[in-house]
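Colleague: With the input below, show me the fold.
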Amino acid sequence: MPAACCLFAVLGTATLARDDTGGLLPDPALASSEETIEQHAPPSPIVVVVERGDTLMALLTDVGLAPTEVHALAAAIADHLPARALRPGQEIVVAPDPLDPTRARTVEILPDTTRRILATRTEAGTYRATLQETEQVRHLVRAEGEISSSLYEAMAAAEVPPALIMGLIRAFSHAVDFQRDLQPGDRFAVMFERFRDPEGALIQHGQGLYAELRLRDRVLRIWRHAPAGESSDWFDERGESVRRALLRTPLDAARVSSGFGMRRHPILGYSRMHRGVDFAAPTGTPVYAAGDGTVAFAGWRGDYGRTVILRHGGGFSTLYAHLSAIPGSIRPGTRVRQGQVIGRVGSTGLSTGPHLHYEVHRNSVAVNPASIRTLAGRNLQGRELAAFRAERARIDRQFAALAGVAELAAAE
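Modeller: Next up is the predicted model:
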(Lines give C-alpha, C1' and ligand atoms only; values in the text may rest on other atoms or scores of the structure.)
Protein backbone atom coordinates (compact mmCIF):
# COMPACT_ATOMS: atom_id res chain seq x y z
CA MET A 1 0.00 0.00 0.00
CA PRO A 2 1.40 3.49 -0.81
CA ALA A 3 2.72 5.56 2.09
CA ALA A 4 -0.08 8.14 1.82
CA CYS A 5 -2.69 5.38 2.12
CA CYS A 6 -1.00 3.99 5.22
CA LEU A 7 -1.10 7.43 6.82
CA PHE A 8 -4.80 7.82 6.15
CA ALA A 9 -5.47 4.36 7.66
CA VAL A 10 -3.72 5.30 10.89
CA LEU A 11 -5.65 8.58 11.12
CA GLY A 12 -8.95 6.77 10.58
CA THR A 13 -8.49 4.52 13.57
CA ALA A 14 -7.00 7.07 15.96
CA THR A 15 -8.91 7.97 19.15
CA LEU A 16 -9.53 11.72 19.17
CA ALA A 17 -10.68 13.77 22.22
CA ARG A 18 -13.67 16.10 22.08
CA ASP A 19 -14.17 19.56 23.54
CA ASP A 20 -17.13 20.72 25.68
CA THR A 21 -19.32 21.24 22.61
CA GLY A 22 -18.61 17.80 21.23
CA GLY A 23 -16.12 19.00 18.64
CA LEU A 24 -12.97 17.04 17.90
CA LEU A 25 -9.70 18.15 19.42
CA PRO A 26 -6.47 17.50 17.53
CA ASP A 27 -4.35 14.64 18.79
CA PRO A 28 -1.20 16.21 20.33
CA ALA A 29 0.92 13.35 19.02
CA LEU A 30 -0.32 13.87 15.46
CA ALA A 31 0.15 17.64 15.70
CA SER A 32 3.70 17.14 16.93
CA SER A 33 4.36 14.73 14.06
CA GLU A 34 3.05 17.22 11.50
CA GLU A 35 5.19 20.02 12.97
CA THR A 36 8.24 17.77 12.80
CA ILE A 37 7.56 16.97 9.15
CA GLU A 38 7.08 20.65 8.33
CA GLN A 39 10.25 21.70 10.15
CA HIS A 40 12.38 19.18 8.27
CA ALA A 41 10.91 19.75 4.78
CA PRO A 42 13.78 20.93 2.55
CA PRO A 43 13.50 24.64 1.64
CA SER A 44 12.76 25.47 -1.97
CA PRO A 45 15.74 26.21 -4.23
CA ILE A 46 16.47 29.89 -4.85
CA VAL A 47 16.94 30.92 -8.49
CA VAL A 48 18.96 34.08 -9.14
CA VAL A 49 19.37 35.65 -12.60
CA VAL A 50 22.67 37.49 -13.07
CA GLU A 51 22.40 41.16 -14.01
CA ARG A 52 25.04 43.62 -15.20
CA GLY A 53 27.52 44.42 -12.43
CA ASP A 54 26.66 41.39 -10.27
CA THR A 55 29.38 39.27 -8.68
CA LEU A 56 29.07 35.68 -7.53
CA MET A 57 29.99 36.49 -3.93
CA ALA A 58 27.46 39.34 -3.74
CA LEU A 59 24.68 37.16 -5.15
CA LEU A 60 25.42 34.31 -2.73
CA THR A 61 25.44 36.79 0.14
CA ASP A 62 22.11 38.24 -0.98
CA VAL A 63 20.38 34.84 -0.74
CA GLY A 64 21.39 34.62 2.94
CA LEU A 65 24.52 32.47 2.95
CA ALA A 66 27.09 33.09 5.67
CA PRO A 67 30.33 34.88 4.67
CA THR A 68 32.47 31.80 5.34
CA GLU A 69 30.18 29.72 3.10
CA VAL A 70 30.26 32.36 0.37
CA HIS A 71 34.07 32.43 0.30
CA ALA A 72 34.31 28.63 0.30
CA LEU A 73 31.81 28.35 -2.58
CA ALA A 74 33.50 31.07 -4.64
CA ALA A 75 36.88 29.36 -4.21
CA ALA A 76 35.49 25.98 -5.31
CA ILE A 77 33.63 27.39 -8.32
CA ALA A 78 36.56 29.54 -9.48
CA ASP A 79 38.33 26.46 -10.87
CA HIS A 80 35.58 26.16 -13.50
CA LEU A 81 34.23 29.71 -13.75
CA PRO A 82 36.55 32.70 -13.18
CA ALA A 83 34.94 35.59 -11.32
CA ARG A 84 34.86 37.81 -14.41
CA ALA A 85 33.22 35.10 -16.52
CA LEU A 86 29.82 35.71 -14.92
CA ARG A 87 27.48 37.16 -17.57
CA PRO A 88 24.04 38.84 -17.47
CA GLY A 89 21.26 36.32 -18.04
CA GLN A 90 23.06 33.36 -16.48
CA GLU A 91 21.13 31.51 -13.77
CA ILE A 92 22.40 30.48 -10.34
CA VAL A 93 20.33 27.93 -8.40
CA VAL A 94 21.02 27.73 -4.65
CA ALA A 95 19.58 24.83 -2.60
CA PRO A 96 19.88 25.85 1.10
CA ASP A 97 20.76 23.32 3.78
CA PRO A 98 17.46 22.14 5.42
CA LEU A 99 18.99 22.43 8.89
CA ASP A 100 20.83 25.73 8.36
CA PRO A 101 19.73 28.09 5.57
CA THR A 102 22.97 30.08 5.93
CA ARG A 103 24.71 27.10 4.32
CA ALA A 104 24.11 25.70 0.85
CA ARG A 105 23.46 22.07 0.09
CA THR A 106 24.22 22.65 -3.60
CA VAL A 107 24.86 25.58 -5.92
CA GLU A 108 24.31 25.15 -9.67
CA ILE A 109 25.46 27.54 -12.40
CA LEU A 110 24.73 27.25 -16.12
CA PRO A 111 27.43 29.31 -17.90
CA ASP A 112 25.99 28.38 -21.31
CA THR A 113 23.88 25.76 -23.07
CA THR A 114 26.57 23.08 -22.93
CA ARG A 115 28.07 23.41 -19.44
CA ARG A 116 26.74 22.90 -15.90
CA ILE A 117 28.77 23.66 -12.77
CA LEU A 118 27.56 21.93 -9.61
CA ALA A 119 29.06 22.76 -6.19
CA THR A 120 28.12 20.30 -3.42
CA ARG A 121 28.74 20.60 0.32
CA THR A 122 30.74 17.67 1.68
CA GLU A 123 30.42 15.96 5.06
CA ALA A 124 33.59 17.78 6.10
CA GLY A 125 31.86 21.13 5.58
CA THR A 126 33.80 22.10 2.46
CA TYR A 127 32.55 22.46 -1.10
CA ARG A 128 33.50 20.44 -4.15
CA ALA A 129 32.64 21.77 -7.63
CA THR A 130 32.37 19.65 -10.76
CA LEU A 131 31.92 20.61 -14.40
CA GLN A 132 29.46 18.65 -16.52
CA GLU A 133 29.48 19.14 -20.28
CA THR A 134 26.75 18.17 -22.73
CA GLU A 135 27.96 16.14 -25.69
CA GLN A 136 27.50 18.11 -28.91
CA VAL A 137 27.00 16.57 -32.33
CA ARG A 138 28.07 18.92 -35.13
CA HIS A 139 25.71 19.16 -38.08
CA LEU A 140 26.10 21.02 -41.36
CA VAL A 141 23.07 22.89 -42.66
CA ARG A 142 22.41 24.16 -46.18
CA ALA A 143 19.84 26.93 -46.60
CA GLU A 144 18.95 28.64 -49.87
CA GLY A 145 16.16 30.62 -51.45
CA GLU A 146 14.94 33.40 -53.68
CA ILE A 147 14.97 37.04 -52.64
CA SER A 148 11.66 38.83 -53.12
CA SER A 149 11.87 41.85 -50.82
CA SER A 150 15.02 41.83 -48.65
CA LEU A 151 17.95 39.52 -48.07
CA TYR A 152 17.23 39.45 -44.34
CA GLU A 153 13.62 38.33 -44.81
CA ALA A 154 14.60 35.68 -47.37
CA MET A 155 17.30 34.20 -45.13
CA ALA A 156 15.07 34.32 -42.04
CA ALA A 157 12.37 32.41 -43.96
CA ALA A 158 15.00 29.73 -44.69
CA GLU A 159 15.77 29.49 -40.93
CA VAL A 160 19.22 31.04 -41.10
CA PRO A 161 20.10 32.29 -37.56
CA PRO A 162 19.59 36.08 -37.19
CA ALA A 163 23.15 36.71 -35.97
CA LEU A 164 24.57 34.94 -39.03
CA ILE A 165 22.25 36.91 -41.33
CA MET A 166 23.52 40.21 -39.96
CA GLY A 167 27.12 39.03 -40.22
CA LEU A 168 26.62 38.05 -43.87
CA ILE A 169 24.95 41.35 -44.70
CA ARG A 170 28.02 43.14 -43.32
CA ALA A 171 30.36 40.76 -45.15
CA PHE A 172 28.65 41.33 -48.52
CA SER A 173 28.13 45.07 -47.96
CA HIS A 174 31.68 45.73 -49.18
CA ALA A 175 30.72 44.54 -52.67
CA VAL A 176 26.92 44.99 -52.77
CA ASP A 177 24.77 48.10 -52.48
CA PHE A 178 21.68 46.43 -51.02
CA GLN A 179 19.44 49.32 -52.05
CA ARG A 180 20.46 49.32 -55.73
CA ASP A 181 22.10 45.99 -56.61
CA LEU A 182 19.61 43.55 -55.07
CA GLN A 183 16.62 42.71 -57.30
CA PRO A 184 13.59 40.40 -56.89
CA GLY A 185 14.53 36.96 -58.21
CA ASP A 186 18.14 37.09 -57.00
CA ARG A 187 19.12 34.06 -54.94
CA PHE A 188 21.25 33.18 -51.93
CA ALA A 189 22.76 30.01 -50.45
CA VAL A 190 24.40 29.48 -47.08
CA MET A 191 26.09 26.59 -45.25
CA PHE A 192 26.47 26.85 -41.48
CA GLU A 193 26.98 24.74 -38.36
CA ARG A 194 24.25 23.54 -36.03
CA PHE A 195 25.00 21.67 -32.79
CA ARG A 196 22.59 19.11 -31.32
CA ASP A 197 22.69 16.78 -28.34
CA PRO A 198 22.81 12.98 -28.90
CA GLU A 199 18.98 12.86 -28.82
CA GLY A 200 18.75 15.45 -31.60
CA ALA A 201 17.65 18.48 -29.58
CA LEU A 202 19.11 21.79 -30.73
CA ILE A 203 21.85 23.16 -28.45
CA GLN A 204 23.13 26.12 -30.43
CA HIS A 205 24.04 27.39 -33.88
CA GLY A 206 27.66 27.59 -34.93
CA GLN A 207 29.38 29.81 -37.46
CA GLY A 208 28.77 30.22 -41.15
CA LEU A 209 31.13 28.32 -43.45
CA TYR A 210 30.06 29.36 -46.96
CA ALA A 211 27.71 31.88 -48.55
CA GLU A 212 26.84 32.98 -52.05
CA LEU A 213 24.70 35.69 -53.65
CA ARG A 214 23.50 35.17 -57.22
CA LEU A 215 22.68 38.62 -58.59
CA ARG A 216 21.50 39.32 -62.13
CA ASP A 217 24.90 40.46 -63.29
CA ARG A 218 27.31 38.48 -61.08
CA VAL A 219 27.80 35.76 -58.48
CA LEU A 220 29.53 36.54 -55.17
CA ARG A 221 30.99 33.71 -53.06
CA ILE A 222 32.73 33.84 -49.68
CA TRP A 223 34.31 31.11 -47.51
CA ARG A 224 35.13 31.01 -43.79
CA HIS A 225 38.84 30.47 -43.11
CA ALA A 226 41.16 30.87 -40.14
CA PRO A 227 44.80 31.63 -41.09
CA ALA A 228 47.38 30.02 -38.82
CA GLY A 229 47.34 31.62 -35.39
CA GLU A 230 44.48 33.99 -36.24
CA SER A 231 40.73 34.15 -35.77
CA SER A 232 38.50 33.10 -38.66
CA ASP A 233 37.19 35.55 -41.25
CA TRP A 234 35.40 35.60 -44.61
CA PHE A 235 37.52 35.39 -47.79
CA ASP A 236 36.59 35.53 -51.47
CA GLU A 237 37.76 33.08 -54.15
CA ARG A 238 41.06 34.97 -54.58
CA GLY A 239 41.93 34.61 -50.91
CA GLU A 240 41.21 38.28 -50.21
CA SER A 241 39.51 39.13 -46.92
CA VAL A 242 36.12 40.77 -47.36
CA ARG A 243 36.93 42.86 -44.29
CA ARG A 244 37.87 46.19 -45.87
CA ALA A 245 39.69 48.97 -44.09
CA LEU A 246 36.35 50.74 -43.53
CA LEU A 247 32.69 49.81 -43.90
CA ARG A 248 30.71 51.90 -46.36
CA THR A 249 27.57 51.56 -44.23
CA PRO A 250 28.11 51.25 -40.46
CA LEU A 251 24.59 49.96 -39.71
CA ASP A 252 22.31 47.27 -41.08
CA ALA A 253 19.37 47.62 -43.46
CA ALA A 254 19.40 51.43 -43.47
CA ARG A 255 18.15 53.82 -46.16
CA VAL A 256 20.33 56.68 -47.42
CA SER A 257 18.29 59.82 -46.74
CA SER A 258 20.92 62.38 -47.72
CA GLY A 259 24.14 61.97 -49.66
CA PHE A 260 27.56 63.60 -49.60
CA GLY A 261 27.94 67.11 -51.12
CA MET A 262 26.11 70.42 -51.32
CA ARG A 263 22.49 70.40 -50.13
CA ARG A 264 19.79 72.63 -48.73
CA HIS A 265 19.81 72.14 -44.96
CA PRO A 266 16.38 70.86 -43.81
CA ILE A 267 16.39 73.05 -40.65
CA LEU A 268 18.59 76.05 -41.44
CA GLY A 269 16.99 76.53 -44.87
CA TYR A 270 20.11 77.42 -46.86
CA SER A 271 22.60 75.41 -48.90
CA ARG A 272 25.84 74.24 -47.38
CA MET A 273 28.29 71.37 -47.72
CA HIS A 274 27.02 68.09 -46.30
CA ARG A 275 30.27 66.44 -45.25
CA GLY A 276 28.85 62.95 -44.73
CA VAL A 277 26.02 60.57 -45.50
CA ASP A 278 22.75 60.30 -43.57
CA PHE A 279 21.18 56.90 -42.99
CA ALA A 280 17.53 56.88 -41.87
CA ALA A 281 16.87 54.16 -39.30
CA PRO A 282 14.68 53.62 -36.22
CA THR A 283 15.83 55.01 -32.89
CA GLY A 284 17.98 52.45 -31.09
CA THR A 285 19.35 50.74 -34.23
CA PRO A 286 22.92 49.54 -33.48
CA VAL A 287 25.73 51.60 -35.03
CA TYR A 288 28.97 49.71 -35.78
CA ALA A 289 32.58 50.79 -35.86
CA ALA A 290 33.44 51.14 -39.55
CA GLY A 291 36.92 49.76 -38.92
CA ASP A 292 39.47 48.81 -36.31
CA GLY A 293 40.65 51.87 -34.44
CA THR A 294 40.79 53.99 -31.28
CA VAL A 295 38.06 56.17 -29.79
CA ALA A 296 39.16 59.81 -30.19
CA PHE A 297 35.93 61.38 -28.89
CA ALA A 298 32.68 60.18 -27.28
CA GLY A 299 30.10 62.63 -25.97
CA TRP A 300 28.08 65.71 -26.87
CA ARG A 301 29.36 67.74 -29.84
CA GLY A 302 27.17 70.79 -30.52
CA ASP A 303 24.81 70.42 -33.49
CA TYR A 304 26.00 66.84 -33.94
CA GLY A 305 24.45 65.84 -30.61
CA ARG A 306 25.83 62.64 -29.11
CA THR A 307 28.84 61.78 -31.24
CA VAL A 308 31.61 59.21 -31.49
CA ILE A 309 34.82 59.80 -33.45
CA LEU A 310 37.18 56.93 -34.23
CA ARG A 311 40.78 57.22 -35.38
CA HIS A 312 41.96 54.53 -37.83
CA GLY A 313 45.25 53.76 -39.54
CA GLY A 314 46.40 55.38 -42.77
CA GLY A 315 45.24 58.88 -41.81
CA PHE A 316 41.54 57.92 -41.70
CA SER A 317 38.97 58.84 -39.07
CA THR A 318 35.19 58.34 -38.92
CA LEU A 319 32.43 60.30 -37.19
CA TYR A 320 29.01 59.05 -36.04
CA ALA A 321 26.51 61.74 -35.01
CA HIS A 322 22.97 62.30 -33.60
CA LEU A 323 23.24 59.11 -31.52
CA SER A 324 20.61 58.34 -28.89
CA ALA A 325 23.08 56.45 -26.70
CA ILE A 326 26.78 55.61 -26.42
CA PRO A 327 27.89 52.50 -24.47
CA GLY A 328 29.81 53.24 -21.28
CA SER A 329 32.75 51.21 -22.59
CA ILE A 330 33.23 53.62 -25.51
CA ARG A 331 35.63 56.17 -24.03
CA PRO A 332 38.58 58.13 -25.49
CA GLY A 333 41.58 55.84 -25.84
CA THR A 334 39.51 52.63 -26.05
CA ARG A 335 40.40 50.22 -28.85
CA VAL A 336 37.48 49.00 -30.98
CA ARG A 337 37.08 46.32 -33.64
CA GLN A 338 35.30 46.64 -36.97
CA GLY A 339 31.65 45.74 -36.47
CA GLN A 340 31.64 46.49 -32.72
CA VAL A 341 28.57 48.41 -31.49
CA ILE A 342 29.66 51.94 -30.59
CA GLY A 343 26.27 53.64 -30.33
CA ARG A 344 22.56 53.68 -31.16
CA VAL A 345 20.72 55.68 -33.82
CA GLY A 346 18.94 58.75 -32.45
CA SER A 347 17.95 62.34 -33.21
CA THR A 348 20.07 64.37 -30.80
CA GLY A 349 21.52 67.75 -31.72
CA LEU A 350 20.32 69.61 -34.85
CA SER A 351 18.18 66.86 -36.37
CA THR A 352 14.71 66.45 -37.89
CA GLY A 353 14.31 62.76 -37.07
CA PRO A 354 16.14 59.55 -36.14
CA HIS A 355 19.10 58.91 -38.42
CA LEU A 356 22.86 58.38 -38.40
CA HIS A 357 25.11 61.07 -39.81
CA TYR A 358 28.30 59.31 -40.92
CA GLU A 359 31.51 61.04 -41.99
CA VAL A 360 34.84 59.71 -43.26
CA HIS A 361 37.94 61.91 -43.04
CA ARG A 362 41.25 61.31 -44.78
CA ASN A 363 44.07 63.42 -43.34
CA SER A 364 41.45 65.64 -41.64
CA VAL A 365 39.56 66.28 -44.93
CA ALA A 366 36.00 64.95 -45.32
CA VAL A 367 35.63 62.46 -48.21
CA ASN A 368 32.65 60.66 -49.70
CA PRO A 369 32.20 57.33 -47.82
CA ALA A 370 31.30 55.72 -51.15
CA SER A 371 34.88 56.33 -52.33
CA ILE A 372 36.40 53.99 -49.76
CA ARG A 373 35.36 50.84 -51.61
CA THR A 374 38.87 50.56 -53.11
CA LEU A 375 40.51 50.11 -49.71
CA ALA A 376 41.11 46.38 -49.94
CA GLY A 377 41.46 43.96 -47.07
CA ARG A 378 44.15 41.41 -46.41
CA ASN A 379 45.39 39.13 -49.25
CA LEU A 380 46.53 35.59 -48.41
CA GLN A 381 49.79 34.59 -50.04
CA GLY A 382 52.16 31.62 -50.25
CA ARG A 383 51.40 28.82 -47.79
CA GLU A 384 48.47 30.71 -46.33
CA LEU A 385 46.84 30.94 -49.76
CA ALA A 386 47.47 27.22 -50.40
CA ALA A 387 45.88 26.33 -47.05
CA PHE A 388 42.86 28.48 -47.88
CA ARG A 389 42.41 26.83 -51.27
CA ALA A 390 42.46 23.38 -49.63
CA GLU A 391 39.89 24.51 -47.05
CA ARG A 392 37.75 26.05 -49.79
CA ALA A 393 37.75 22.80 -51.74
CA ARG A 394 36.72 20.83 -48.64
CA ILE A 395 33.85 23.24 -47.91
CA ASP A 396 32.72 23.06 -51.54
CA ARG A 397 32.50 19.26 -51.32
CA GLN A 398 30.47 19.48 -48.11
CA PHE A 399 28.13 22.03 -49.65
CA ALA A 400 27.59 19.85 -52.72
CA ALA A 401 26.87 16.81 -50.53
CA LEU A 402 24.03 18.71 -48.84
CA ALA A 403 22.13 19.32 -52.10
CA GLY A 404 18.55 18.23 -51.50
CA VAL A 405 19.31 17.14 -47.93
CA ALA A 406 19.36 20.40 -45.93
CA GLU A 407 21.12 18.98 -42.81
CA LEU A 408 23.60 16.20 -42.06
CA ALA A 409 25.74 15.20 -39.11
CA ALA A 410 29.26 16.28 -40.03
CA ALA A 411 31.95 13.64 -40.42
CA GLU A 412 34.98 15.06 -38.65
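Colleague: hey, let's count contacts and neighbours off CA atoms from now on
Modeller: Fine.
Colleague: quick one: low-confidence parts of the stretch 301-412 of the chain?
Modeller: Applying pLDDT under 70 to the stretch 301-412 of the chain picks out residues 372-377, 411-412.
Colleague: Okay, buried residues for the helix ranked longest in the chain please.
Modeller: The residue-count maximum for a helix in the chain (DSSP state H) belongs to helix 382-401. By neighbour count with 16 or more other Cα atoms under 10 Å, helix 382-401 contains the buried residues 385, 387-389, 392, 395, 398-399.
Colleague: now do stretch 141-152
Modeller: Buried-residue list, stretch 141-152, by 16+ other Cα under 10 Å: 141-147, 151-152.
Colleague: how long is that stretch from one end to the other?
Modeller: One end of stretch 141-152 to the other measures 18 Å (Cα to Cα, to the nearest Å).
Colleague: Report the rounded mean pLDDT for it.
Modeller: Stretch 141-152 shows a mean pLDDT of 91.
Colleague: likewise stretch 88-98?
Modeller: Stretch 88-98 carries an average pLDDT of 88.
Colleague: Next: stretch 214-231.
Modeller: Taken as a whole, stretch 214-231 carries a mean pLDDT of 90.
Colleague: Report the two of the buried residues of stretch 141-152 separated the most.
Modeller: Farthest apart among the buried residues of stretch 141-152 by Cα to Cα are 141 and 147. That separation is 19.1 Å.
Colleague: Touching stretch 401-412 from outside, list them.
Modeller: With contact meaning Cα atoms under 8 Å, 6 or more residues apart in numbering, stretch 401-412 is reached by 137-143.
Colleague: Show only the entries of those residues found in strands.
Modeller: Members of the contacts of stretch 401-412 lying in strands (criterion: DSSP state E): 137-143.
Colleague: Let me see the ranges of the helices in the chain.
Modeller: With DSSP H as the criterion, the chain has helices at 3-13, 28-40, 56-62, 67-77, 151-157, 162-172, 382-401.
Colleague: mean pLDDT for the ones you listed: which is lowest?
Modeller: What stands lowest among these, in mean pLDDT terms, is helix 3-13, with a mean of 36.
Colleague: Residue 305: neighbour count?
Modeller: 20 (other Cα atoms under 10 Å).
Colleague: Which residue, other than its chain neighbours, is closest to it?
Modeller: Distance criterion Cα to Cα, 6 or more residues apart in numbering; nearest residue to residue 305, sequence neighbours excluded, is residue 349 at 3.7 Å.
Colleague: what about residue 125, how many neighbours?
Modeller: The local packing of residue 125 (other Cα under 10 Å) involves 11 other residues.
Colleague: so what pLDDT did it get?
Modeller: Confidence score, pLDDT, at residue 125: 88.
Colleague: ok, it - contacts?
Modeller: Contacts of residue 125 by Cα under 8 Å, 6+ apart: none found.
Colleague: ok, it to residue 103 distance?
Modeller: Between residue 125 and residue 103 the computed distance is 9 Å (Cα to Cα).
Colleague: isn't residue 313 right next to residue 294, touching?
Modeller: No. Using Cα atoms under 8 Å, residue 313 is not in contact with residue 294; the gap is 9.4 Å.
Colleague: between these two, which one's more packed in?
Modeller: The neighbour comparison of residue 313 against residue 294 (other Cα under 10 Å) goes to residue 294, with 21 against 11.
Colleague: Run a quick neighbour tally on the residue nearest to residue 305.
Modeller: Neighbours of residue 349 (other Cα under 10 Å): 18.
Colleague: just residue 132 next, same as before
Modeller: Quick note: residue 132 (other Cα under 10 Å) scores 12 neighbours.
Colleague: before we move on, what about residue 295?
Modeller: Close neighbours of residue 295, defined as other Cα under 10 Å, add up to 22.
Colleague: and what of residue 231?
Modeller: Neighbour number of residue 231 under other Cα under 10 Å is 8.
Colleague: Spatially central residue (nearest the centroid) of the protein, please.
Modeller: Closest residue to the average C-alpha location of the chain: residue 163 at 7.7 Å, with Cα atoms, centre = their mean.
Colleague: got a list of what that residue touches?
Modeller: Contacts of residue 163 (Cα under 8 Å, 6+ apart): none.
Colleague: how far away is it from residue 204?
Modeller: Between residue 163 and residue 204 the computed distance is 12 Å (Cα to Cα).
Colleague: Repeat that for residue 279.
Modeller: From residue 279 to residue 204 the distance is 33 Å (Cα to Cα).
Colleague: more crowded one of these two?
Modeller: Just comparing residue 279 and residue 204: by other Cα under 10 Å the higher neighbour count belongs to residue 279, 23 against 16.
Colleague: wait, isn't the more buried one in contact with residue 248?
Modeller: No. Assessed by Cα under 8 Å, residue 279 is found out of contact with residue 248, at 11.3 Å.
Colleague: and residue 195, what are its bridge partners?
Modeller: Per DSSP bridges, the residues bridged to residue 195 are residue 138, residue 204.
Colleague: Burial check on it, number of neighbours?
Modeller: If you count neighbours by other Cα under 10 Å, residue 195 ends up with 20.
Colleague: Which residues are in contact with it?
Modeller: Per Cα under 8 Å, 6+ apart, neighbours of residue 195: 136-139, 202-206.
Colleague: And these, which of them are buried?
Modeller: 136-139, 203-205.
Colleague: Is it possible to get CSV of these that adds distance to residue 319?
Modeller: Listed next are those as CSV, based on distance: Cα to Cα, whole Å:
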residue, distance to residue 319
136, 43
137, 44
138, 42
139, 42
203, 40
204, 36
205, 34
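Colleague: Check the gap between residue 386 and residue 393 for me.
Modeller: The gap separating residue 386 from residue 393 is 11 Å, by Cα to Cα.
Colleague: Actually, residue 310.
Modeller: 38 Å.
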